[in-house]
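Peer 1: Coordinates only, no sequence provided:
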Ligand code: GLV
């Protein structure tokens, strides 16, 4: 706590909506980053030295080196549902709480997953580029870029948490046949509600017309989608990743797309964000978006508000609503 003001000192690591920042400043002494500069690890370590709490995003990795000198730090509040940027063992050893922002982004993220699936299978961005490049000279029944159907196709969802379930429910409106693979199987009631059947991973890979990745990124599923998995997919299939870039071996994916061993991919998350591999940028059968699945104003506001709520609860010695248990 700052002695003069008795307000807690909070780092808000990235730019947030000014009206929300102003409200936070009424109850805390805030170091903000409204210019949204990217943190070097050492600058972030220094910024944490005198802070009681930090509100950060998935772009700020926090590890042991940051925590060693952050002797006042009580809580790290992530503005994201994923928290693979946090070294949980180091936080636990330092007795620092960590929180995330689930639920408030579920429906918005599921909407985007579906949008990316549709744009990819129906070649929305690719055909727009085709049109803009002047290739649309005449109407043609079969000499236009032809796409893959969504309706009545097989959708494979990898990761059946809240977002996976919300995607499955959308798929029923398109009469899709939904299968899923997950660490644990849903209850029969929930499977029925989602209209989804549980299958093993290889069945999902082989039978899906569209595969969407929505599972958390862990050391166990690093490059889970590599050469072998891609080779099991149908040549007509699409792969959509709205989870984390590291789950897919991007070079293997780029090669499979280039050699047309799968039809197309839609990618919102990248291993080296914000850098995107030239091998992916060079391809036309891939739809690329800059990690925007939760990016509506309403949802981003809700995520920030929830991160602040978690942060202030932790500082007040109360159980934050979205404590990450480790
Ligand atoms: C976004 O990727 C999130 O984890 O909220």
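Peer 2: Done, it's in. Small disclaimer: the values here were computed from a predicted structure and weren't measured.
Peer 1: per-residue pLDDT, residue 114?
Peer 2: Here the pLDDT value assigned to residue 114 is 98.
Peer 1: residues in contact with it?
Peer 2: Residues in contact with residue 114 (CB atoms under 8 Å, 6 or more residues apart in numbering) are 167, 170, 171. Quick note: C-beta positions are derived from backbone N, CA and C, even for glycine.
Peer 1: got a list of what the first one touches?
Peer 2: Listed by CB under 8 Å, 6+ apart, the contact partners of residue 167 are 110, 113, 114, 155, 157, 212, 214.
Peer 1: that's a helix at it, yeah?
Peer 2: Yes: when DSSP: H, G, I helix; E, B strand; the rest coil is applied, residue 167 is found to be in a helix.
Peer 1: what about it, distance to the ligand?
Peer 2: 15 Å (CB to the nearest ligand atom, to the nearest Å).
Peer 1: and if you look at the second one?
Peer 2: Look at residue 170 and the ligand: by CB to the nearest ligand atom, they are 19 Å apart.
Peer 1: Equivalent analysis for the last one, please.
Peer 2: Computed with CB to the nearest ligand atom, the distance linking residue 171 and the ligand is 21 Å.
Peer 1: hang on, isn't that residue packed against residue 155?
Peer 2: Yes: between residue 171 and residue 155 there is a contact under CB atoms under 8 Å: 5.0 Å.
Peer 1: Please dump the contacts of residue 114 into CSV; it should also carry pLDDT for every row.
Peer 2: Supplementary listing: those in CSV, determined by pLDDT from 0 to 100:
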residue, pLDDT
167, 98
170, 98
171, 98
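Peer 1: what's near enough to touch residue 266?
Peer 2: Residue 266 is in contact with 116, 117, 119, 120, 238, 239, 240, 241, 286, 287, 289, counting by CB under 8 Å, 6+ apart.
Peer 1: Now with 10 Å, please.
Peer 2: Residue 266 makes contact with 112-113, 115-121, 124-125, 210, 212, 238-242, 286-289 under the criterion CB atoms under 10 Å, 6 or more residues apart in numbering.
Peer 1: before we move on, the earlier item: can you tell me which of the contacts of residue 114 is closest to residue 161?
Peer 2: Taking CB to CB as the measure, residue 167 is the one of the contacts of residue 114 closest to residue 161, at 10.4 Å.
Peer 1: Report the spatially nearest residue to the most centrally placed residue in the chain, omitting neighbours in sequence.
Peer 2: Note on the chain: the residue nearest the mean C-alpha position is residue 243, at 4.3 Å, using CA atoms, centre = their mean. Excluding its sequence neighbours, the residue lying closest to residue 243 (CB to CB, 6 or more residues apart in numbering) is residue 213, at 4.4 Å.
Peer 1: For the one you found, give its distance to the ligand.
Peer 2: Residue 213 sits 12 Å away from the ligand, going by CB to the nearest ligand atom.
Peer 1: So in terms of bridging, what pairs with that residue?
Peer 2: Residue 213 has these beta-bridge partners by DSSP bridges: residue 158, residue 241.
Peer 1: So that it lines up with my notes, have the first residue be 30 from now on.
Peer 2: Done: numbering now begins at 30, and the last item shifts to residue 242.
Peer 1: correct me, but it touches residue 189?
Peer 2: No: if you go by CB atoms under 10 Å, residue 242 and residue 189 don't touch, sitting 11.6 Å apart.
Peer 1: Neighbours of residue 111, how many?
Peer 2: Per other CB atoms under 10 Å, the neighbour tally for residue 111 reads 17.
Peer 1: Also the one 4 residues further on?
Peer 2: Residues within reach of residue 115, counting by other CB under 10 Å, total 24.
Peer 1: cool, the one 3 residues further on as well?
Peer 2: Neighbour count of residue 118, defined by other CB under 10 Å: 11.
Peer 1: circling back to that earlier point, check contacts around the residue nearest to residue 272.
Peer 2: Shown in contact with residue 242 (CB under 10 Å, 6+ apart): 142, 185-188, 193, 250, 253-254, 268-273, 276-277, 296-298.
Peer 1: No more questions from me, cheers.
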